[in-house]
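> need coordinates for the following:
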Amino acid sequence: MVELKTDTSIDAMHTAGRVVARALTAARNTADVGVSLLELDEVAHAVLKDAGAGSPFLGYRPSFAPTPFPAVLCASVNDAIVHGIPDGYRLRDGDLVSLDCGATLGGWAGDSAISFVVGTPRAADVTLVETAERALAAGIDAAVVGSHIGDISHAIGTVCRAAGYGIMDDFGGHGIGRQMHEDPGVPNEGRPGRGLPLRHGMVIAIEPMLIAGGRDDYHAAADGWTLRTNDGSRAAHVEHTVAITDSGPRVLTSRDGLQVQTRAR
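Numbers count the residues shown, from 1 in each chain. Below you'll find the predicted structure:
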């Protein structure tokens with residue numbers, strides 16, 4: 001069942017979303033050659049703690065997972081698409097990193113993800129990340145009252161396929177509110193005019209996941225969480241929490257204008 005949020009609730013979700021934005025910005029500012037994924041998780045955790053927010057990721061255990069998730073960030077590097085567990089791996093020059101973070105505050109959740117290259121980027125990685133961001137922007141632009149979920153999915157898929165990238169078969173965006181994952185599902189490929197009609201008060205997480213090699217298949221790593229490309233090609237993942245309103249889509253996890261100082265390591 002899809003819960004329509006009041007304008008007051010959307011404002012509260014924006015507050016949670018800004019915490020997510022600050023956590024991702026702080027982790028991105030910390031990321032550098034030689035920094036471990038665990039250090040990035042610690043930075044994000046400190047931002048959540050300072051804001052009095054909880055993490056919907058920490059301890060989360062869906063049906064497919066062998067163990068509860070042990071961190072507040074998903075940190076996925078190179079051929080890891082999503083759900084990477086932060087560990088002692090130290091970033092190397094040219095690594096492609098995707099960070100996914102959530103926060104719960106005042107009973108409401110926010111969820112967002114970024115992708116970026118550490119150090120000297122490969123041209124192909126820059127194009128991959130830029131395309132993921134264009135796909136996200138296209139999905140957000142399609143999230144208007146009177147359209148359908150399929151319009152969002154079609155907008156994302158069109159950008160991805162035109163660039164020759166693969167799309168994960170059965171992972172995509174989702175509704176969000178009191179819980180991190182709610183109805184409806186928001187696939188990253190679909191047919192326009194199909195699916196649930198979009199109404200004022202719906203809040204969804206839109207999250208393109210692109211595979212550089214052009215294939216859609218993937219596999220779970222030995223940890224049971226990290227999803228990797230089957231062909232070893234690199235991947236990018238970007239995400240925003242978006243409210244659908246009569247005034248147009250409202251991004252609740254925007255990082256625009258944020259300047260977050262990170263703590264000394």
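
> got the buried residues for stretch 155-174?
155-157, 159-160, 163, 165-168, 171-174 (16 or more other C-beta atoms under 10 Å). In this view, the C-beta of every residue, glycine as well, is placed from N, C-alpha and C.

> adding distance to Leu196, secondary structure and pLDDT, write these out as a markdown table.
A markdown table is the format used below for the buried residues of stretch 155-174 (distance: C-beta to C-beta, whole Å; DSSP: H, G, I helix; E, B strand; the rest coil; pLDDT from 0 to 100):
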| residue | distance to Leu196 | secondary structure | pLDDT |
| --- | --- | --- | --- |
| Ala155 | 15 | helix | 98 |
| Ile156 | 16 | helix | 98 |
| Gly157 | 17 | helix | 98 |
| Val159 | 21 | helix | 98 |
| Cys160 | 21 | helix | 98 |
| Ala163 | 27 | coil | 98 |
| Tyr165 | 26 | coil | 98 |
| Gly166 | 26 | strand | 98 |
| Ile167 | 20 | strand | 98 |
| Met168 | 21 | coil | 92 |
| Phe171 | 18 | coil | 93 |
| Gly172 | 14 | coil | 96 |
| Gly173 | 13 | strand | 98 |
| His174 | 12 | strand | 98 |
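
> spatially, which two of these are the most separated?
For the buried residues of stretch 155-174, the maximum inter-member distance is 23.9 Å, found between Ala163 and His174 (C-beta to C-beta).

> give me the residue ranges of the stretch 151-265 of the chain where confidence is low.
258-265 (pLDDT under 70).

> now do 80
257-265 (pLDDT under 80).

> which residues of it fall in strands?
Per DSSP state E, counting those that start in this stretch, the stretch 151-265 of the chain carries strands over the ranges 166-167, 173-175, 182-186, 203-206, 209-211, 218-220, 227-229, 235-237, 240-245, 248-251.

> can you tell me the strand partners of the shortest one and which way each runs?
Using DSSP bridges, the strands paired with strand 166-167 are strand 209-211 (antiparallel).

> distance from the chain centre to the partner strand, please.
Relative to the chain's own centre, strand 209-211 is displaced by 12 Å; criterion: C-alpha atoms, centre = their mean, to the nearest Å.

> what do you get for stretch 34-45?
For stretch 34-45 - counting by C-alpha atoms, centre = their mean - the centre lies 17 Å from the chain centre.

> can I get the CA coordinates of it in PDB?
Written as PDB, here are the backbone C-alpha positions of stretch 34-45 (Å, rounded to 0.1, in the frame of the first residue of the first chain):
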ATOM      1  CA  GLY A  34      45.000   5.600   1.000                       C
ATOM      2  CA  VAL A  35      41.800   6.200   3.000                       C
ATOM      3  CA  SER A  36      39.900   3.000   4.000                       C
ATOM      4  CA  LEU A  37      36.300   2.300   3.400                       C
ATOM      5  CA  LEU A  38      35.900   1.900   7.200                       C
ATOM      6  CA  GLU A  39      37.100   5.500   7.700                       C
ATOM      7  CA  LEU A  40      34.400   6.700   5.300                       C
ATOM      8  CA  ASP A  41      31.800   4.800   7.300                       C
ATOM      9  CA  GLU A  42      33.100   6.300  10.500                       C
ATOM     10  CA  VAL A  43      32.800   9.800   9.100                       C
ATOM     11  CA  ALA A  44      29.200   9.300   7.900                       C
ATOM     12  CA  HIS A  45      28.300   7.700  11.200                       C
END
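
> in it, what counts as buried?
So stretch 34-45, judged by 16+ other C-beta under 10 Å, has buried residues Val35, Ser36, Leu37, Leu38, Glu39, Leu40, Asp41, Glu42, Val43, Ala44, His45.

> so what secondary structure elements neighbour the helix or strand containing Ala26?
Secondary structure from DSSP states H and E places Ala26 in helix 7-30. With contacts taken as 3 or more C-beta pairs under 8 Å, 6 or more residues apart in numbering; DSSP states H and E, helix 7-30 sits against helix 37-50, strand 96-105, strand 108-117, strand 240-245.
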